[in-house]
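Peer 1: kindly generate the corresponding structure for this input.
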Amino acid sequence: MTPDQRPPTRADVREYYRVLLGRPPENDAIVQHQLKSAPTVLKLLQNLSGSQEFLDRVHLLGDCPPHSPFSYLNSSIDVERIIQTYIAQDRRPRAGHFVNFLGVAVPTKVMSFLHDKGGQLDHLPIPSNFHADMAEWGAALRAVDLAREQFNMIELGCGWGCWMANTGVAAKKRGLRIHVSGVEGDPTHLDYARKPSR
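Peer 2: So this is what the prediction gives:
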């Protein structure tokens with residue numbers, strides 16, 4: 001059993017509240033609730049890191065307008081939950097790159113509007129970010145969720161390899177073998193696609 005698969009303790013709940021939320025649990029009933037809803041340490045971490053309080057604390061939600069057209073979608077899957085599942089807690093700023101919520105470091109030179117974003121962290125794409133809206137992110141990450149043992153994808157018109165990088169990193173997080181392919185006709189874009197984004 002790996003450390004993150006063991007059942008959490010009361011001390012774990014208090015420690016993760018301190019580290020992730022910057023405060024102690026409200027009371028003992030909350031500690032009990034967390035222990036009941038999280039059979040493993042990993043699940044406890046996922047529950048807390050996906051909470052609105054944590055997302056607000058680390059500024060992942062950005063400053064999207066409250067009535068963005070991207071907020072309205074009709075889906076049979078829980079798009080927000082899927083996106084939040086893949087947040088890279090260990091992501092760090094990187095010079096010359098704009099690091100997204102997955103931890104993928106996007107070279108700022110691939111798009112002119114990213115030129116002043118070097119060394120910054122992007123927010124969650126809820127309802128959207130510079131790359132795509134939450135419906136598109138949710139669909140791409142749902143494909144990763146459905147993969148078993150190996151994740152295969154092909155990106156037609158891959159540009160700098162954005163969806164190969166994003167879904168590949170998400171699949172790696174799940175421990176899947178990865179085979180991604182991109183097709184692109186513009187040699188300039190191909191130069192970017194050949195360079196690793198993480």
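Peer 1: measure Arg177 to Tyr17 for me?
Peer 2: In this structure, Arg177 and Tyr17 are 36 Å apart, going by CB to CB, to the nearest Å. All C-beta spots, glycine's among them, are computed from the backbone N, C-alpha and C.
Peer 1: these two: who's more crowded?
Peer 2: Neighbour totals were compared for Arg177 and Tyr17, and Tyr17 leads with 20 against 11 (other CB atoms under 10 Å).
Peer 1: ok so the more buried one is a helix residue?
Peer 2: Yes - residue assignment for Tyr17, taken from DSSP: H, G, I helix; E, B strand; the rest coil, places it within a helix.
Peer 1: which residues touch it?
Peer 2: For Tyr17, the contacting residues are Arg23, Pro24, Pro25, Leu48, by CB atoms under 8 Å, 6 or more residues apart in numbering.
Peer 1: for the second one, report the pLDDT, please.
Peer 2: Put plainly, it is Pro24. Pro24 is assigned a predicted lDDT (pLDDT) of 92.
Peer 1: then Arg198?
Peer 2: 52.
Peer 1: about what we covered before: okay, the contacts of Tyr17 in TSV with distance to Gly159 next?
Peer 2: Below are the contacts of Tyr17 laid out as TSV (distance: CB to CB, whole Å):
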residue	distance to Gly159
Arg23	42
Pro24	46
Pro25	45
Leu48	35
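Peer 1: list buried residues within these.
Peer 2: When the contacts of Tyr17 are checked for burial by 16 or more other CB atoms under 10 Å, the buried set is Pro25, Leu48.
Peer 1: tell me the domain boundaries of the chain?
Peer 2: For the chain, the structural domains run 3-49, 69-194, going by automatic domain parsing.
Peer 1: ok, which stretches of this protein are helices?
Peer 2: Counting by DSSP state H, the chain forms helices over residues 10-16, 28-37, 41-49, 52-57, 79-85, 134-146, 162-173, 187-194, given from the N-terminal end onward.
Peer 1: would you mind saying which of the ones you listed lies nearest Ser181?
Peer 2: Ranking the helices of the chain by distance to Ser181, with CB to CB as the measure, places helix 162-173 first at 7.6 Å.
Peer 1: which residues sit against that closest one?
Peer 2: Here helix 162-173 has contacts from 86, 88, 100, 102-104, 106, 131, 140-141, 143-144, 147, 151, 153, 155, 158, 178, 180-182, 193, 197-198, using CB under 8 Å, 6+ apart.
Peer 1: filter those residues down to the ones in strands?
Peer 2: Secondary structure assignment (DSSP state E) places Val106, Phe151, Met153, Glu155, Ile178, Val180, Ser181, Gly182 from the contacts of helix 162-173 within strands.
Peer 1: what subset of these is buried?
Peer 2: Among these, those buried by neighbour count (16+ other CB under 10 Å) are Val106, Phe151, Met153, Glu155, Ile178, Val180, Gly182.
Peer 1: noted, bye for now.
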